[in-house]
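In: I need the structure of the sequence given here:
(one chain, ligands or ions: 2)
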Amino acid sequence: MTSYGLEAIPPLEEVLATAVVVSLPMRVRFRGITEREVVLVEGPAGWGEFGPFPEYDDAEAAEWLRSALESAWLDDPEPLRSDVPVNATVPAVDPDQVAGILARFPGAHTAKVKVAERGQDLAQDVARVRAVHALVPHVRVDANGGWSVDDAVTALTALAAEAPLEYAEQPCATVPELVEVRRRLQDDIPGGIRIAADESIRRAGDPMRVVRAGGADVAIVKVAPLGGVRRLLTLAGELADHDVPVVVSSALDSAVGMGAGLAAAAALPDLPFACGLGTGGFFTADVATPRSMSNGTLTVGRVAPSRSGIDAVRVDAERERWWLDRVRRCHSLLG
Ligand SMILES: O=C(O)CCC(=O)C1=CC=C[C@@H](O)[C@@H]1C(=O)O
Ligand SMILES: [Mg+2]
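Out: Ligands and ions are numbered 1, 2, ... in the order given. Down below sits the predicted model:
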């Protein structure tokens, strides 16, 4: 697959001319936040989204800007499908909240459950996964690198004894740890448990390193951290050469950013797993009419934010200044 992108980065003034900063309120705490701030920019091809998490440095955040500019200045690649199967995403909630969360993902056959949350224990993870499994046939877990190797082997063995796991996403933080966990699970459990790399791909200088090291069976790929739809598709091609399938997932995107994730998923030749693109339901307000999920799928296509949708969730002047300064710094790194 050829990698191509923006021939030239659009000038800063053009980027800033349309930039609006919004903060989307969330129903549940996810990844430690209850408000999701992003910048939206409009270009000749439509809208793009820039929302690197606040703690990311400028070098990492610049790739998110590249992605936003690609969406706004270039059309999406040709889609190979019109609907994308998506998974339900279950935050680290108590089991009695699980049914309410799953109800926001109508018809989803797959659920991803957050585990290894700081301040919680394995019994809570087991109870949550059991509650999800009672309602959804396919279950995967995501530890966000929260376990040591020993903890991961113990926890995944206990969780897999309850019911089969589709895969375990980022059980430990580092590549050598992922390699070790994967090997130990293959030794201990018949058939092993598939390991998916997320942070080891989206936050790594070399996203192929974890695969070459033998630390991943599945790759979680996110448009914005990888620098755009085209870069994601190029990486997916390289991963396919190593027989590693990809799961396109959101970076907690607004309705605008989710369009780019859906465009990437739609352009992939193979899509063996449900994608993590259903998180739009976490927001109580979005910049465009939320996409509705039917039979566990979302329809591919861009949305344009409405003026009233934007006005309802605009940030104050201080947050706007903070974000636009970040756009300026990241733009100078891309230039
Ligand atoms: O993959 C999904 O089901 C939804 C997306 C999701 O889980 C995430 C989105 C944004 C930030 C991440 O901490 C988190 C993840 O770790 O995959
Ligand atoms: Mg993850």
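
In: Return the distance of the nearest residue to residue 178 once chain neighbours are set aside relative to residue 173.
Out: Excluding its sequence neighbours, the residue lying closest to residue 178 (C-beta to C-beta, 6 or more residues apart in numbering) is residue 215, at 3.5 Å. All C-beta atoms are positioned from the backbone trio N, CA, C, and that covers glycine. Using C-beta to C-beta, to the nearest Å, residue 215 is found at 12 Å from residue 173.

In: between these two, who's got more neighbours?
Out: Between residue 215 and residue 173, residue 215 has the larger neighbour count (other C-beta atoms under 10 Å), namely 22 against 16.

In: From what I see, the more buried one and residue 199 are in contact.
Out: No. Using C-beta atoms under 8 Å, residue 215 is not in contact with residue 199; the gap is 11.8 Å.

In: How about the host helix or strand of residue 26 and ligand 1, touching?
Out: Following DSSP states H and E, one finds residue 26 within strand 20-30. No. Strand 20-30 does not reach ligand 1 (C-beta under 6 Å from any ligand atom); its nearest approach is 7.5 Å.

In: For that strand, buried residues please.
Out: 20-24, 26, 30 (16 or more other C-beta atoms under 10 Å).

In: Who are the packing partners of the lengthiest helix in the chain?
Out: Secondary structure of the chain per DSSP state H: the longest helix is helix 317-334. Packing partners of helix 317-334 (3 or more C-beta pairs under 8 Å, 6 or more residues apart in numbering; DSSP states H and E): helix 12-18, strand 20-30, strand 33-43, helix 58-73.

In: so the last one versus helix 317-334, what angle?
Out: Here helix 58-73 points in a direction 90 degrees away from that of helix 317-334 (axes from the mean of the first three to the mean of the last three C-alpha atoms, to 10 degrees).

In: So for helix 58-73, mean pLDDT?
Out: Across helix 58-73, pLDDT averages out at 98.

In: Point me to the residue of the stretch 51-200 of the chain nearest ligand 1.
Out: Ligand 1 sits closest to residue 89 of the stretch 51-200 of the chain, with a gap of 3.6 Å, by C-beta to the nearest ligand atom.

In: Provide the strand pairings for whichever strand or helix holds that residue, with the direction of each partner.
Out: Assigned by DSSP H and E, residue 89 falls within strand 88-90. Counting by DSSP bridges, the strands paired with strand 88-90 are strand 110-114 (parallel).

In: What is the helix or strand just after the partner strand packed up against?
Out: Beyond strand 110-114 in the direction of the C-terminus, DSSP H and E gives the next helix or strand as helix 122-133. Judged by 3+ C-beta pairs under 8 Å, 6+ apart, helix 122-133 is in contact with helix 98-102, strand 110-114, strand 138-142, helix 149-162.

In: okay, the angle between the last one and strand 138-142?
Out: For helix 149-162 and strand 138-142, the angle between their directions (the same axes, to 10 degrees) works out to 170 degrees.

In: thinking again about what came up before, who are the contact partners of the residue nearest to residue 178?
Out: 175-176, 178-179, 182, 195, 197, 200 (C-beta atoms under 8 Å, 6 or more residues apart in numbering).

In: Of those residues, just the buried ones, ChimeraX syntax please.
Out: To isolate the buried members of these in ChimeraX, using 16+ other C-beta under 10 Å:
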select :175,178,179,182,195,197,200
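
In: Identify, from the contacts of residue 215, the entry nearest to ligand 2.
Out: Within those, the smallest distance to ligand 2 is 9.1 Å, found for residue 197 (C-beta to the ion).

In: next one: phi and psi at residue 174?
Out: phi -110, psi 160 (degrees, to the nearest 10).

In: Ligand 2 versus that one, what's the distance?
Out: 15 Å (C-beta to the ion, to the nearest Å).

In: Could you count how many residues lie near that residue?
Out: 14.

In: out of everything not next to it in sequence, what's closest to the most centrally placed residue in the chain?
Out: For the chain, the residue nearest the mean C-alpha position is residue 250 (2.8 Å; C-alpha atoms, centre = their mean). Nearest non-adjacent residue to residue 250, counting by C-beta to C-beta, 6+ apart: residue 279, 4.8 Å away.

In: do residue 70 as well
Out: Closest to residue 70 by C-beta to C-beta, 6+ apart is residue 228, at 3.8 Å.

In: Next, the contact list for the residue in the stretch 1-150 of the chain that ligand 2 sits nearest to, please.
Out: Closest approach between the stretch 1-150 of the chain and ligand 2, counting by C-beta to the ion: residue 142, at 4.4 Å. When contacts are counted by C-beta under 8 Å, 6+ apart, residue 142 touches 112-115, 168-170, 198.

In: Thank you, goodbye.
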